[in-house]
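A.B. asks: Sequence first, then the predicted structure, then my questions.
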Amino acid sequence: MPGYLIPTLRGKYLDGITRAAIVRIDKVKKAESSASRANRYLVFM
């Protein structure tokens, strides 16, 4: 798991990860880096 996602998703079960959490991760990654890198995170998840 990429280092960024560990603190964000640690301790959560798959059914505890909401669409809102994924959208929030996507927005943060797009602000921090390129859109293509943010897309790679989404594909990984």
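C.D. replies: Great, that's in hand.
A.B. asks: tell me what the helix-or-strand element of the chain with minimal mean pLDDT is packed against?
C.D. replies: The weakest-scoring helix or strand in the chain, judged by mean pLDDT, DSSP states H and E, is helix 5-9 (a mean of 82). Helices and strands touching helix 5-9, by 3 or more C-beta pairs under 8 Å, 6 or more residues apart in numbering; DSSP states H and E, are helix 19-32. Yep, even glycine has a C-beta here, placed from its N, CA and C like the rest.
A.B. asks: Just the angle for the helix or strand following the helix it packs on relative to helix 19-32, thanks.
C.D. replies: Following helix 19-32 in sequence order, the next helix or strand is helix 35-44 (DSSP states H and E). On the basis of axes from the mean of the first three to the mean of the last three C-alpha atoms, to 10 degrees, helix 35-44 is oriented at 150 degrees to helix 19-32.
A.B. asks: can you dump the C-alpha coordinates of helix 35-44 into PDB?
C.D. replies: Presented in PDB, the C-alpha positions along helix 35-44 are these (Å, rounded to 0.1, in the frame of the first residue of the first chain):
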ATOM      1  CA  ALA A  35      -3.900  14.100 -12.100                       C
ATOM      2  CA  SER A  36      -2.200  11.000 -13.500                       C
ATOM      3  CA  ARG A  37      -0.700  10.200 -10.100                       C
ATOM      4  CA  ALA A  38      -4.000  10.700  -8.400                       C
ATOM      5  CA  ASN A  39      -5.500   8.300 -10.900                       C
ATOM      6  CA  ARG A  40      -2.900   5.700 -10.100                       C
ATOM      7  CA  TYR A  41      -4.000   5.900  -6.400                       C
ATOM      8  CA  LEU A  42      -7.600   5.400  -7.500                       C
ATOM      9  CA  VAL A  43      -6.700   2.400  -9.600                       C
ATOM     10  CA  PHE A  44      -4.700   0.900  -6.700                       C
END
